[in-house]
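In: A structural model of the following input is requested.
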Amino acid sequence: MNRCGAINDSVALRVPGDGKGLRGEVTVPGDKSISHRAAFLGALSSRGIRVSNFAPGDDCSSTLRCLSDLGFEVQRDGETVEVRTGSGPVDPIGILDAGNSGTTARLLCGLLAPRPGLFGVVTGDPSLLRRPMDRVVEPLRSLGARIEGPQGGRRLPLAIRGSRLSGGRVELKVKSAQVKTALILSALSGSHVVVVQESAPTRDHTEVMLQHLGVPLKREGGCITVYPCHDLPGGSWRIPSDPSSAAFWAVGSAVLPASDLMIPAVGVNPGRVGFIKVLQRMGCPVEVAFRDPQGGEVVGDIRVRHSSLRAVEVEPHEVPGMVDELPVLAVAAALAEGVSRIRGAQELRHKECDRIRAVAECLNAIGGRVRELEDGWEMEGVEMFDGGDVDSFGDHRIAMAMGIAALRCRSTVTIRGAQCVSVSYPGFFERLEEMIR
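Out: Residues are numbered from 1 along each chain as shown. Sure thing, here's the model as predicted:
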């Protein structure tokens, strides 16, 4: 059937064989990573930060709710959000619930830790309770943070007692932009200079935003030097569209014959366009027409046309620039001619689900030829998938990746637990239905 049909919390997809393809234009939601960061930095500004095109998903709503619970002034009118210091921070009346948002939980640690006398408990949903928190707890503790939780602080819930933190150099043992941002937040609200040293570059939206606001920040040789700044300048801008959300449509256009799709006003920060480079290496015509920057971020219109794809090798050093896009890039690789390998992606085992295992199980269930590796996949390309039933594993990116895989299936694909896309992209399946009918 030519439809995206809801069955309880499942979605059934089948694409008509009329050769229409994905054509025209599709606009994706505002960037989730930038939305989180704009809200947290707004909380450090008495003048406030006002942004339009704020990400509509549940994760960013969790950030706004927690900031409001801490006494910060939060105003939301549709996709326009303004956050300022207001009366915050104050001890929250209840527990701070980050929902499914790892970004919210980890950034709250950085926000609360340098506030002497402040006390807060951060928790999340069952999925978030299983995700590692020691990656942010240990670096903050090295500066004197008082954070306690199960397994020595490895898991939520975390109890944070604000204290006066020291300065110094912190080397990140895990490649994580969330941990880096948590440390930057703690340094801005502290009393000492902090140097954050990365072993490899991660997405730099926090640094870009601070520089756009005019906050002193030094970036040199993999190190970010952060100076205390207890009242950030205010600002107002439009958040670019989310490249991680755009990646699903880009792969869909690449694999579905007769497709020629434009995705406008997408953030094309150099640290977020790894998926474009991979698709181009696979032989897909991807073009980017640059626009004026927004909030310091590089922005462009992305045009993707269908092409026969060839196998690709993704090396470990490339992974940080496309970690969220890897599940849907795996779909493209599983449909490419030859044998593809994606390595160095062990971080995917610590997301909303074990994404390495989930992708392998889902693609094999619909007729793919995927071998699960410790740190990625090896895929022998097939011309088309067969179809069948798959589980989202409660992970929005797995659900959407399987929706894109359904575009190249001989029969219907049913995705169980598809409602989880509300975390980042509410309405994704409805928009997909509109594009394929």
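
In: rest of the way, CA atoms for contacts and neighbours
Out: Noted.

In: What count of nearby residues applies to the closest residue to Arg154 other than its chain neighbours?
Out: In space, and not counting its chain neighbours, Arg154 is closest to Asp134: 4.3 Å by Cα to Cα, 6 or more residues apart in numbering. Using other Cα atoms under 10 Å, Asp134 has 19 other residues around it.

In: in the stretch 101-250 of the chain, which spans are helices?
Out: For the stretch 101-250 of the chain, the helices defined by DSSP state H, counting those that start in this stretch cover 102-112, 126-129, 134-141, 150-153, 177-188, 205-213, 243-255.

In: Summarise which helices and strands the first one is packed against.
Out: It refers to helix 102-112. helix 32-42, helix 58-69, strand 119-123, helix 134-141, strand 158-161, helix 177-188 (3 or more Cα pairs under 8 Å, 6 or more residues apart in numbering; DSSP states H and E).

In: Flag every buried residue along the second one.
Out: For helix 58-69, the buried set under the neighbour-count rule, 16 or more other Cα atoms under 10 Å, comprises 58-64, 66-69.

In: any chance of the helices of the stretch 101-250 of the chain in TSV, plus mean pLDDT and distance to Arg305?
Out: Formatted as TSV, the helices of the stretch 101-250 of the chain follow (pLDDT from 0 to 100; distance: least, Cα to Cα, whole Å):
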stretch	mean pLDDT	distance to Arg305
helix 102-112	98	33
helix 126-129	96	36
helix 134-141	98	40
helix 150-153	97	47
helix 177-188	98	31
helix 205-213	98	29
helix 243-255	98	6
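
In: TSV for those, including distance to Pro228?
Out: Listed next are these as TSV, based on distance: least, Cα to Cα, whole Å:
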stretch	distance to Pro228
helix 102-112	13
helix 126-129	31
helix 134-141	16
helix 150-153	26
helix 177-188	4
helix 205-213	12
helix 243-255	31
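
In: So which of the ones you listed is nearest Ile95?
Out: Taking Cα to Cα, helix 102-112 is the member of these nearest to Ile95, at 11.7 Å.

In: any residues touching that closest one, and which ones?
Out: Contacting residues not belonging to helix 102-112 are listed as 36, 40, 59-60, 62-63, 98, 118-120, 122-124, 128, 131, 133, 136-137, 140, 160-162, 178-179, 181-186, 189 [Cα atoms under 8 Å, 6 or more residues apart in numbering].

In: Domain parsing of the chain, as residue ranges.
Out: What automatic domain parsing lists as the domains of the chain is 3-30+241-436, 32-238.

In: what about the stretch 51-200 of the chain, any weak spots by pLDDT?
Out: Regions of the stretch 51-200 of the chain meeting the criterion pLDDT under 70 are absent.

In: and the gap between the residue nearest to Arg154 and Val331?
Out: Using Cα to Cα, to the nearest Å, Asp134 is found at 32 Å from Val331.

In: Next: Pro257.
Out: On the measure of Cα to Cα, Pro257 and Val331 end up 15 Å apart.

In: Of the two, which one has the most company?
Out: The neighbour count for Pro257 versus Val331, taken as other Cα under 10 Å, is higher for Val331 (27 against 18).

In: any idea what sits nearest that one, other than its immediate chain neighbours?
Out: Distances taken as Cα to Cα, 6+ apart place Ala405 nearest to Val331, at 6.1 Å, with adjacent residues excluded.

In: Now do the buried residues in stretch 387-405.
Out: Neighbour-count burial for stretch 387-405 [16+ other Cα under 10 Å]: 387-388, 390-405.

In: Now tell me what touches that stretch from outside.
Out: Stretch 387-405 is contacted by residues 13, 248-249, 251-252, 324, 327-328, 331, 352-353, 355, 358-359, 362-363, 365-367, 385, 406, 409-418, 420-424, 428-429 when judged by Cα under 8 Å, 6+ apart.
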